[in-house]
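Asks: need the 3D shape of this:
(2 chains)
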Amino acid sequence: MERVWKDKKAILFFLFPSFIILTFIIIVPIIMSSYYSLLKWDGFGQGTFVGMNNYIKLFKDEAFIKSVKNTLVFALTSVFIQLPISLLLALVISTGVKFERFFVTVFFIPVIISTVVIGQLWMKIYHPEIGILNMFLRSSGLDNLTREWLGSKDTALMASVVPVLWQYIGYHMLLMYAGIKSISADIYEAAKIDGASWLKTSAYITIPMLKPILKVSLTFAVVGALKVFDLVFVLTRGGPGRASEVTSTLMVETIFKSNSYGYGSAMAVFIIIECVVLYMLIGKLIKTDEVT
Amino acid sequence: MKLKGVKILSALLGLSMIMGTMGCAAGTSNKPQPANEASSEKPAPSKDSAAKEQVTLNFWHIWGAETDASYAAVKKVIADFEAEYPHIKIKEDTTENEAYKTKIKASAAANELPDVFSSWGGGFSKPFIEADRVLAIDDYLNDGTKDKLVGGALANVTYDGKVYGMTFGLSCGALFVNKELFEANNIKIPETYAELIDAVKAFKAAGITPMTLSGKDVWTIAMYFDAMALKAAGNDKIVSTLTKQGSFKDPEFLSAASKFAELVSLGAFPEGAAGLSKDESDLPFLQGKIPMLFNGSWTAGSVYREDSLVKDKIIPVGFPVFEDGKGTKNQFTGGAVDAIMVNANTKYKEEAVLFQKYFCENMARETYLAGAYLPAWKVEVDESNINPVTVALAKLTSESESFTLWWDTLLEGQDTQVYLNTLQELLLGGVTPEQFVDRLQTIYE
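Replies: Sure, this is the predicted structure:
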């Protein structure tokens, strides 16, 4: 291995292909989008250069501001609801409960299922008449709690948040579970001998030692929430009346339906900047000494 | 050992990446050939007419999938044409509908259009025509072709008074009513708005949701509103207002919006319709639980399927007329939008136009027989084998005065979104009819 690291040619050989791919499918498009975002362009014919106008327009656009707020709801709920549940599940399962592997698999299943399928599944759950949720409420005499979950402005956003959280709980749980399993058993033994309870072990040993993994999970959860598109698109298309619009669904509508390529590109650039800024913020907030 | 594995793996990975990029490179260099080049085949004397030059026409279209209702019709018409005109060969190139739109836009921008291609009338082809990519065919239409077309067949392919394309089939909006449900509840099929309101109230009283639409697939709301605005304002006013020569603040639009809001407040549409997709919202209608659905003529297909529960119960009628409206019962929404166009720079203008005419005239008959479109040409066919709902639609529209293009086709992209989003708000009660017309008026800004 040592020899490989010293061999500059080998490094070049291995990095070059990915460098090329990265350049052409990520860096070049970002640069192109940034350029388009300075144009007033319908995607066909010639665009006119308008400078920062598209960005100024962004922050005056009610629909865009609403979409950013909704996206932040996704990010906050991911951090404060999804991750704690994942952590709890990981902590419990890793204690060596019966059928450990079985539970890991069960919680991971939603991650494997196609998002469109999950969308269809939850659409059926939320269906105002034949949906299991409203049927359950009706049969337990809670008729006044039944809602048009995806069709009402008040509930559409939360109704789309829940499936997104549910889908990725297993993903973060698996990351944390693997992290916990890699902590040396000696430490736990020592704690056990000292008479530490499960709660104490978790709070003072597992979670602190899991910090690098938690940071990764946090980053994925936040960035993933900022980019959320597929489930929202399947469930509500951002509707009704923008109630569940997120930045990426609005971007797609702007580019492909309104033919405002330039303005839509400005939204794309905003999403990129938003992701990078929050990523760096997380890095600053959680300092880890270890290499993750 | 482990290290060796890693090395092999990385080498494989690196190799696959290189292969991947090479694949990409090969893909991009494989650009579509400029149409003119490909069609310049060496003249070869044909059997019957040695004098005639052998011509190959490139034809791009969207009916390439065997599941498409028009697939067989296209194949048949092209084969017939080649048999009739042996010196002309048709080289087809088909692409799926949505991808085709991108492809044709890009080819038009690069001036690489094929000799003949399918397109859409109205706003879609406007940029091509403005860029002089499409041949104006007025000079070719005076040989009696115009008399064979039904009224309005060329309306959507006419730009600045010149005809740039030809259509074969048309679609229209119609109110599909379940006559059995109407009879069972002793309700009259509405012909006027007052009767529609009565019918809605009567069905509500009987515990039946009267109509259905999907708030998620917003265009289905627009189907209703396009028709209501038409009945309120009449064809001419709609066209002039949507082409920005008028005002949405005229009382007709407010009247249409108020009537739509009235239907909503009467509970004419299913609870939770705003969150349902078209498939979900159509289901109760197709199960015979909801008596009315206003949508495009293509609905005939889903109504008259083998396993349909409402197969012989549905009849199409026009949207009820408004007592105080300017639109008549013979004005319809929809129109002939699918068009065949000829490249302005084709080498074989005569042959291309010949094919264009032949194709459209025969497609009108064949697609009608297949139940895919209503004919935009005057055709005579045996109607006993055609989907009876389609035949009823053809009867309904045979006296048509005008077809008003759907707003989302007539308006340009950005304006369409303003219209659809505001309409969704009107359905949800988020805006009043007054606010609705005010927002529509922002299209003028």
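Asks: domains in chain B, by residue range?
Replies: Under the assignment automatic domain parsing, the domains of chain B span B:51-168+B:336-379, B:171-334+B:403-444.
Asks: nearest to residue A:230, of these?
Replies: Smallest distance to residue A:230 across the domains of chain B (Cβ to Cβ): 15.3 Å, for domain B:171-334+B:403-444. Just so you know, the C-beta spots here come from the backbone N, C-alpha and C atoms, and that holds for glycine as well.
Asks: and the end-to-end length of that closest one?
Replies: 28 Å (Cα to Cα, to the nearest Å).
Asks: tell me the secondary structure for the closest residue to chain B within chain A?
Replies: Ranked by Cβ to the nearest Cβ, the top residue of chain A for proximity to chain B is residue A:151, at 2.7 Å. Classification of residue A:151 using DSSP: H, G, I helix; E, B strand; the rest coil returns coil.
Asks: TSV for the domains of chain B, including mean neighbour count and distance to chain A?
Replies: Formatted as TSV, those follow (neighbours: other Cβ atoms under 10 Å in any protein chain shown; distance: least, Cβ to the nearest Cβ, whole Å):
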stretch	mean neighbour count	distance to chain A
domain B:51-168+B:336-379	19	5
domain B:171-334+B:403-444	20	3
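Asks: what are the phi and psi values for the residue of chain A closest to chain B?
Replies: Here is the backbone geometry of residue A:151 (degrees, to the nearest 10): phi -100, psi 0.
Asks: contact partners for the closest residue to it other than its chain neighbours?
Replies: Take residue A:151 and drop its neighbours on the chain: the residue closest to it by Cβ to Cβ, 6 or more residues apart in numbering or on different chains is residue B:275, 2.7 Å away. Applying Cβ atoms under 8 Å, 6 or more residues apart in numbering or on different chains, one finds that residue B:275 lies in contact with A:126, A:128, A:148-152, A:156, A:236, A:239-240, B:215-216.
Asks: switch the cut-off to 7 Å
Replies: A:148, A:149, A:150, A:151, A:156, A:236, A:240, B:215, B:216 (Cβ atoms under 7 Å, 6 or more residues apart in numbering or on different chains).
Asks: now the strands for the chain?
Replies: Using chain A here. Residue ranges of the strands in chain A, as given by DSSP state E, are A:39-40, A:48-49.
Asks: wrong chain, I was asking about chain B
Replies: B:55-61, B:88-94, B:116-120, B:158-159, B:162-163, B:165-167, B:169-178, B:292-296, B:314-317, B:331-335, B:338-342, B:374-375, B:402-404.
Asks: got the contact list for the last one?
Replies: Here strand B:402-404 makes contact (Cβ under 7 Å, 6+ apart) with B:152, B:170, B:172, B:230, B:235, B:238, B:239, B:331, B:332, B:333, B:334, B:335.
Asks: min pLDDT across the residues you listed, which one?
Replies: Ranked by pLDDT, the contacts of strand B:402-404 bottom out at residue B:152 (76).
Asks: surely that one and residue B:334 touch.
Replies: No. Assessed by Cβ atoms under 7 Å, residue B:152 is found out of contact with residue B:334, at 9.8 Å.
Asks: got the CA positions of stretch A:35-53 in CSV?
Replies: Only the C-alpha atoms of stretch A:35-53 are listed here, as CSV (Å, rounded to 0.1, in the frame of the first residue of the first chain):
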residue,chain,number,x,y,z
TYR,A,35,-24.2,31.2,-16.2
TYR,A,36,-27.8,30.5,-17.2
SER,A,37,-29.0,32.0,-14.0
LEU,A,38,-27.8,35.3,-15.2
LEU,A,39,-29.9,35.1,-18.3
LYS,A,40,-33.5,35.6,-19.2
TRP,A,41,-33.9,32.6,-21.4
ASP,A,42,-36.8,30.3,-22.4
GLY,A,43,-34.5,27.4,-23.1
PHE,A,44,-35.0,27.8,-26.8
GLY,A,45,-33.3,30.5,-29.0
GLN,A,46,-31.2,33.3,-27.6
GLY,A,47,-31.2,34.4,-24.0
THR,A,48,-30.6,38.0,-22.9
PHE,A,49,-28.1,38.8,-20.1
VAL,A,50,-29.9,40.3,-17.1
GLY,A,51,-27.2,40.1,-14.5
MET,A,52,-28.4,39.5,-10.9
ASN,A,53,-32.0,40.3,-11.8
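Asks: now do the end-to-end distance for stretch A:245-256.
Replies: 16 Å.
Asks: list the buried residues of that stretch.
Replies: Buried residues in stretch A:245-256, defined by neighbour count with 16 or more other Cβ atoms under 10 Å in any protein chain shown: A:245, A:246, A:247, A:248, A:249, A:250, A:251, A:252, A:253, A:254, A:255.
Asks: check the residues you listed against chain B, which are close?
Replies: residue A:253 (Cβ under 7 Å from any Cβ of the partner chain).
Asks: if we can go back for a sec, and of the strands of chain A, who's closest to residue A:227?
Replies: strand A:39-40 (23.8 Å).
Asks: pairing partners for the closest one, with directions?
Replies: Sheet pairing for strand A:39-40, assigned by DSSP bridges, gives strand A:48-49 (antiparallel).
Asks: in TSV: the buried residues of stretch A:245-256, plus pLDDT and distance to residue B:181.
Replies: Listed next are the buried residues of stretch A:245-256 as TSV, based on pLDDT from 0 to 100; distance: Cβ to Cβ, whole Å:
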residue	pLDDT	distance to residue B:181
A:245	92	37
A:246	93	40
A:247	93	45
A:248	92	43
A:249	91	37
A:250	92	40
A:251	91	43
A:252	86	39
A:253	86	37
A:254	86	42
A:255	83	43
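Asks: same list, the buried residues of stretch A:245-256, but as TSV with distance to residue B:89 please.
Replies: Below are the buried residues of stretch A:245-256 laid out as TSV (distance: Cβ to Cβ, whole Å):
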residue	distance to residue B:89
A:245	51
A:246	51
A:247	51
A:248	47
A:249	46
A:250	48
A:251	45
A:252	41
A:253	43
A:254	44
A:255	39
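Asks: for the most centrally placed residue in chain B, which residues are in contact?
Replies: Taking Cα atoms, centre = their mean as the criterion, residue B:337 is the residue nearest the geometric centre of chain B, at 5.6 Å. Counting by Cβ under 7 Å, 6+ apart, residue B:337 touches B:120, B:121, B:122, B:156, B:405, B:409.
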